Each structure stands twice: as C-alpha cells, then as structure tokens.
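> predicted coordinates and the sequence they were generated for:
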Amino acid sequence: MAFFGLFGNKTKQETLDKGLEKSNTSVLSKISHAIAGRSTIDDDVLDDLEEALITSDVGVETTLRIIERIQDRVKRDKYVGTSELNRMLVEETCALLAENNLTSDSDSGLTSASGSDPYVIMVVGVNGVGKTTTIGKLAYLYKQAGKKVYLGAADTFRAAAVEQLCIWGERVGVPVIKQQQGSDPASVAFDTLQSAKANGADVVLIDTAGRLHNKINLMHELTKIKNVMQKVVPGAPHDVMLVLDGSTGQNAFEQAKQFTAATQVSSLAITKLDGTAKGGVVLGISDQFKIPVRYIGLGEQMTDLQPFNAEQFVKTLLHN
C-alpha cells in the first residue's frame, strides 16, 4: 500500500514547482550566465557550470562528479552545443543518483515490521530544523493512508517540544504519549511502544532531543532509547530519520556529518525548501551520504511534506 497518489500527480507536481521556484530561478540564472555567448561546451563553460552548481549548494564533491560525467558525455558525443547542456545536466544528475539507488519514492513505514508489531521511526535532528513539525506532517500522511499512528514525545528537555507535538497530535487526530519535562527520554519511548503495541498501532514516530553540543552524550542517549525500545518491539527503531533544514545550505551538510557519526541514520527528511534558493543541497546530501532522502518539506501546510523522488526533483530543479 502506498499513499503517494493521495494528492494526485498534478497537485504534487504543482507543489514541487512552487516549492522549488526560488531554487530553480537561481540555478538556471547561473547556468544561463555560464553559457552566455557560447555555442559549444568547452572547458570554460564547464568551469562556469561547476561554479554555478557549487554556489547553488550542490556541494563540491557532487558537483565534480556531475562535471566529470558531462565531460565524458561531451567526449563521447563529440560535438555538443550549449543548447543541449541543460538536458545533459538533468540526465547525468539523475543517472548519478540512480547509481546510488536514491531515485524512487519509498513507502517505508507503511508495512508492519513483523506480525503485529508497529513500524518504529526514531526522528533526530537539531532544534529549529522543523523536526517536530515534520513528525506531525508524517503522522498526517500515514493516517491518510489508513494507518494507526502513535507519537512519542521523547524530547523531554524542552517543554515547548512536548507541547508542539501534542498540538500536532490533536490537529491530526492521533495519540501522543508524554511524561513530565525532564523525564527520561528512553522511558517515554518505552511507554509509547507499549501503548502502541497494545492498541494495534501500525506506525510509531518518536521525537528526540535536538542537541549536538556533545556528540558523545547524544550518541549515548540515542543508543539508550534504541535499546529500551527493542525490549518492546524487536528490531526497533526500524528507521532513524534525520531531519535537516534545507535553507541552511552547507550547514545542513555539517549536521548530517555530525548525526551520521553519532548514530546510524537510515533516512533523511529535508525541510524548508520553499523559502530558499538552496534546493541544490538535496542533491549533494543524497549523493555524498548515500542515505535515501525520504521526504522534502515544501511549505507550511500538512500536505506540503511529500515523498522524495530524485528524478522528479532534479527535473523540477534544473529544467528550463
């Protein structure tokens, strides 16, 4: 069962077009400047294209891989005009991500882990990236798909985080398991899974504290939460989802490095892409970390979080 057709392809594409409008305008303007007055793809054009991609937050390593692929394509196809560069850029970027198996929508979380056990997603990320909001929107998507969802407020260090998650729970119509501020996060996770399992939940989303000032403490805390959850649901969490703020550009890369070093991240959600021209960061993060981007945030509405499809994203971001 998949929920990707809930909004209809047209609506989904329109949301993507609108959400990436600033990024698309910015990167195409830089590419147009790179080929202005030139008829063939030569070293100067490729140098300018490289600069255009790097300054669009695609990242140095990913940009160099894309440029190398285009160079090989130009050599293979012999004479290639600059009028073909945009199409070639889209094709080679899609091919690069396809090689990493990062191109398709995923319905992770819609299939029960084993028998009657719920599918458990532990959500991590620094404060301010839209982590709790993303959890609320995910709960909405799963509920719309006919799934029974439970939320666990394990970010017990901030009262505002618990309150925000409760507001989302009321808005979506799903239960939120919480304790007093300052409670042991692992205890909250344990209670959430016990309640979810007893009540036949399909999906459980566990919010966690967003602190990076001490990576060792963060790792210990997340490991403790994992160990406690496995006492209730073997194999939990089935997905550790890192939420990143796409509007921060290269800072998102650094956060990804920190969290992937602290815990075993298995999926990504990249938020706040609608208010920025830094959409290229999604391509770089997808390629460099070899971790699938499952969702992208394109606005404030509950329906503005959508499953990520790399090919569709690339075509929307880079196509004229």
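Received the coordinates, thanks.
> how is this protein divided into domains?
Taking automatic domain parsing as the reference, the chain has its domains at 9-99, 119-309.
> how about the ones you listed in CSV, adding mean pLDDT, mean neighbour count and distance to residue 316?
(Each C-beta comes from the backbone N, C-alpha and C, glycine too.) Formatted as CSV, the domains of the chain follow (pLDDT from 0 to 100; neighbours: other CB atoms under 10 Å; distance: least, CB to CB, whole Å):
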stretch, mean pLDDT, mean neighbour count, distance to residue 316
domain 9-99, 87, 17, 5
domain 119-309, 91, 20, 9
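> which one of these lies closest to residue 315?
domain 9-99 (5.8 Å; CB to CB).
> the helices in the stretch 1-150 of the chain, which residues?
Applying DSSP state H, counting those that start in this stretch to the stretch 1-150 of the chain gives helices spanning 9-19, 21-35, 43-54, 60-77, 85-99, 131-144.
> make JSON lines out of the ones you listed and add distance to residue 271.
Below are these laid out as JSON lines (distance: least, CB to CB, whole Å):
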{"stretch": "helix 9-19", "distance to residue 271": "11"}
{"stretch": "helix 21-35", "distance to residue 271": "14"}
{"stretch": "helix 43-54", "distance to residue 271": "22"}
{"stretch": "helix 60-77", "distance to residue 271": "20"}
{"stretch": "helix 85-99", "distance to residue 271": "20"}
{"stretch": "helix 131-144", "distance to residue 271": "6"}
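> which one of the ones you listed lies nearest to residue 221?
If we rank the helices of the stretch 1-150 of the chain by CB to CB, the stretch that ends up nearest is helix 131-144, at 15.1 Å.
> helices and strands around that closest one, which ones?
When contacts are defined as 3 or more CB pairs under 8 Å, 6 or more residues apart in numbering; DSSP states H and E, helix 131-144 sits against strand 119-124, strand 149-153, helix 159-172, strand 203-207, strand 267-271, strand 293-297, strand 305-307.
> now the element after the fourth one, going C-ward?
Reading on from strand 203-207 to the C-terminus, the next helix or strand found by DSSP states H and E is helix 215-230.
> check the offset of that following helix from the chain's centre.
Distance, stretch centre to chain centre, for helix 215-230: 22 Å (CA atoms, centre = their mean, to the nearest Å).
> now that helix against strand 149-153, angle please.
Helix 215-230 and strand 149-153 are oriented at 140 degrees to each other (axes from the mean of the first three to the mean of the last three CA atoms, to 10 degrees).
> what pairs with the helix or strand just after helix 215-230, and is each one parallel or antiparallel?
Note on helix 215-230: by DSSP H and E, the next helix or strand toward the C-terminus is strand 239-245. Strand 239-245 sits in its sheet next to strand 119-124 (parallel), strand 267-271 (parallel), going by DSSP bridges.
> what does strand 239-245 contact?
Contact with strand 239-245 is made by 108-109, 119-125, 128-131, 134, 222, 251-252, 255-256, 259-260, 263-272, 285, 291, 294, as judged by CB atoms under 8 Å, 6 or more residues apart in numbering.
> export that strand to PDB, keeping only CA atoms.
C-alpha atoms of strand 239-245 as PDB (Å, rounded to 0.1, in the frame of the first residue of the first chain):
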ATOM      1  CA  ASP A 239      14.200   3.700  10.700                       C
ATOM      2  CA  VAL A 240      16.300   6.500  12.200                       C
ATOM      3  CA  MET A 241      15.200   9.600  10.300                       C
ATOM      4  CA  LEU A 242      17.400  12.700  10.300                       C
ATOM      5  CA  VAL A 243      15.600  16.000   9.700                       C
ATOM      6  CA  LEU A 244      17.700  18.700   8.100                       C
ATOM      7  CA  ASP A 245      16.800  22.400   7.300                       C
END
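> ignoring the adjacent residues along the chain, who's closest to residue 219?
residue 262 (4.4 Å; CB to CB, 6 or more residues apart in numbering).
> contacts only, for the most centrally placed residue in the chain.
The chain has residue 269 as the residue nearest its centroid, 2.0 Å off, counting by CA atoms, centre = their mean. Shown in contact with residue 269 (CB under 8 Å, 6+ apart): 134, 138, 241, 242, 243, 244, 293, 294, 295, 296, 297, 305.
> and with 10 Å instead?
123, 125, 129-131, 134-135, 137-138, 241-244, 246, 293-297, 305, 308 (CB atoms under 10 Å, 6 or more residues apart in numbering).
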